[in-house]
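Asks: Predicted model, plus sequence, below.
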Amino acid sequence: MSMPAVRLDSRSTLPEDHARATLVGRAWFSGKHAGPTPVTVRDGRVYDLARVAPTTSALLDLDDPASAIRSAVTSGAATPVCGLEELLAATPCASRTADRPWLASPPDLQALKACGVTFVSSMLERVIEEQAQGDPDRAETIRSSLGAEIGTSLSSVRPGSPDAAKVKASLFARGMWSQYLEVGIGPDAEVFTKSQPMSAVGTGSDVGIRPDSHWNNPEPELVLAVSSHGRVVGASLGNDVNLRDFEGRSALLLGRGKDNNGSCAIGPFVRLLDEHFGIDDLRRLEIRIRIEGSDGFVLEGRSDLAKISRDPLDLVAQCVNRHHQYPDGLMLFLGTMFAPTQDRDQPGQGFTHRIGDVVTISAPALGSLANRVDHTDCIAPWTFGTRQLMRTLAARGLLA
């Protein structure tokens with residue numbers, strides 16, 4: 001049976017209204033000083049923004065990055081690189097060669113953080129994982145009983161409110177309290193380190209699951225681009241690859257279940273906030289996901305930001321404040337309501353990945369992020385870190 005292919009083109013990759021969108025990405029160049037450079041797209045052409053800012057971290061920290069990019073393209077300060085179709089054709093792993101640039105993940109020096117259990121549906125799934133202790137065979141029975149008992153009482157509760165405190169007391173008295181309910185409806189959101197700066201993979205790249213995981217899934221999410229000052233300057237799409245069996249065995253295995261080779265995908269571009277695209281547009285986004293397997297399996301779902309339990313700006317404020325700062329900015333995953341329960345193999349076992357699955361995450365205003373699934377020890381290792389980036393920038397004369 002043939003493996004599904006990742007094919008990229010401008011029609012599927014770009015936002016529907018790309019002609020008026022200001023996009024920030026990174027292109028990887030081979031050669032003597034191999035490495036990434038910030039780029040933008042205009043009228044089907046890719047432009048190098050390194051003379052505007054050498055990293056996307058620095059670019060997104062400008063007072064008005066959208067205006068700076070438009071001015072650079074108009075004035076000629078942004079150098080044409082190639083056609084967008086050429087860049088996208090060279091981006092899937094199987095198509096990469098030493099003589100052609102390809103599209104990498106947009107962030108570089110930014111911290112890669114994530115919020116969990118920000119939707120009621122995903123919160124219940126985390127409780128089920130905990131109760132099932134990572135065993136998918138037990139999950140369906142628990143899902144039926146637990147969802148019926150507590151789902152309706154949580155769907156309209158605002159986290160941190162007096163009503164939430166009453167629900168917490170009631171559930172605790174019934175022996176049903178959970179650490180996931182605490183961060184789901186309590187005053188403090190769950191914020192964790194998803195992966196390390198420079199480690200995110202972009203569209204066309206392989207994403208990784210550990211070979212010793214037997215219950216895992218993608219998580220389609222909105223990813224906010226946040227400046228060092230805590231200001232939301234743009235947004236992208238993300239796949240917060242999750243090993244449900246690891247996290248279900250113990251919440252203390254969160255790092256093992258979340259931070260692995262190829263486990264963090266962000267892309268295809270960061271769309272900057274401007275007069276055409278604002279915070280309220282983000283609050284209304286519907287993120288879609290389609291999983292296609294070499295076994296003919298297809299699963300589709302969505303995550304509706306209108307149903308998030310904590311406002312995106314509230315989540316940012318819980319990350320960047322007097323108690324915690326990010327001098328290089330951060331990319332913040334906002335969580336998902338998508339929790340696949342459709343059976344793939346045996347009845348009652350739900351969904352888990354198979355090698356070769358192609359996961360496409362999309363939103364009309366942000367384009368699409370497409371990745372193929374493989375084992376973490378089979379995909380390309382992460383070798384280009386911050387030190388190598390600094391060496392490359394210095395060799396190119398881009399460090400002041």
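Replies: Yep, it's here.

Asks: who's in contact with the nearest residue to Arg96 once chain neighbours are set aside?
Replies: Spatial nearest neighbour of Arg96, excluding adjacent residues (Cβ to Cβ, 6 or more residues apart in numbering): Trp102 at 5.4 Å. All C-beta atoms are positioned from the backbone trio N, CA, C, and that covers glycine. Neighbouring residues of Trp102 by Cβ atoms under 8 Å, 6 or more residues apart in numbering: 27-28, 87, 90-91, 95-96, 204.

Asks: do that again at 7 Å, thanks
Replies: Applying Cβ atoms under 7 Å, 6 or more residues apart in numbering to Trp102 gives the contacts 27-28, 87, 90-91, 96.

Asks: Would you reformat the residues you listed as a markdown table and include neighbour count?
Replies: Shown next, in a markdown table, are the contacts of Trp102 (neighbours: other Cβ atoms under 10 Å):
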| residue | neighbour count |
| --- | --- |
| Ala27 | 21 |
| Trp28 | 20 |
| Leu87 | 24 |
| Ala90 | 20 |
| Thr91 | 26 |
| Arg96 | 16 |
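
Asks: Would you quantify the distance from Gly202 to Ser156?
Replies: Distance from Gly202 to Ser156, counting by Cβ to Cβ, to the nearest Å: 38 Å.

Asks: More neighbours: these two, which one.
Replies: The residue with more neighbours, out of Gly202 and Ser156 and counting by other Cβ atoms under 10 Å, is Gly202; that gives 25 against 9.

Asks: The more buried one contacts Pro107, correct?
Replies: No - with contact defined as Cβ atoms under 7 Å, Gly202 does not reach Pro107; the gap is 9.5 Å.

Asks: hey, what's in contact with both of these two?
Replies: Taking Cβ under 7 Å, 6+ apart as the criterion, Gly202 and Pro107 both touch Ile266.

Asks: Now Glu182. Nearest residue, chain neighbours left out?
Replies: Counting by Cβ to Cβ, 6+ apart, the nearest residue to Glu182 once its immediate chain neighbours are dropped is Lys168, at 7.6 Å.

Asks: Count residues in the vicinity of Pro220, would you?
Replies: 25.

Asks: Quick check: phi and psi at it.
Replies: Main-chain torsions, Pro220, degrees, to the nearest 10: phi -80, psi 120.

Asks: Tell me the bridge partners for it.
Replies: Counting by DSSP bridges, Pro220 forms beta bridges with Asn239.

Asks: give the contact list for it.
Replies: 239, 287, 289, 303, 336, 338, 361.

Asks: State whether the last one is indeed within a helix.
Replies: I take that to be Ile361. No - if the criterion is DSSP: H, G, I helix; E, B strand; the rest coil, then Ile361 is strand and not within a helix.

Asks: Any figure for the gap between it and Arg231?
Replies: Ile361 is 25 Å from Arg231, by Cβ to Cβ.

Asks: In terms of neighbours, single out the busier of the two.
Replies: More crowded of Ile361 and Arg231, by other Cβ under 10 Å: Ile361, with 29 against 16.

Asks: So for the more buried one, what's the pLDDT?
Replies: pLDDT for Ile361: 98.

Asks: same thing with the one 3 residues further on?
Replies: With respect to pLDDT, Pro364 scores 98.

Asks: Many thanks, have a good one.
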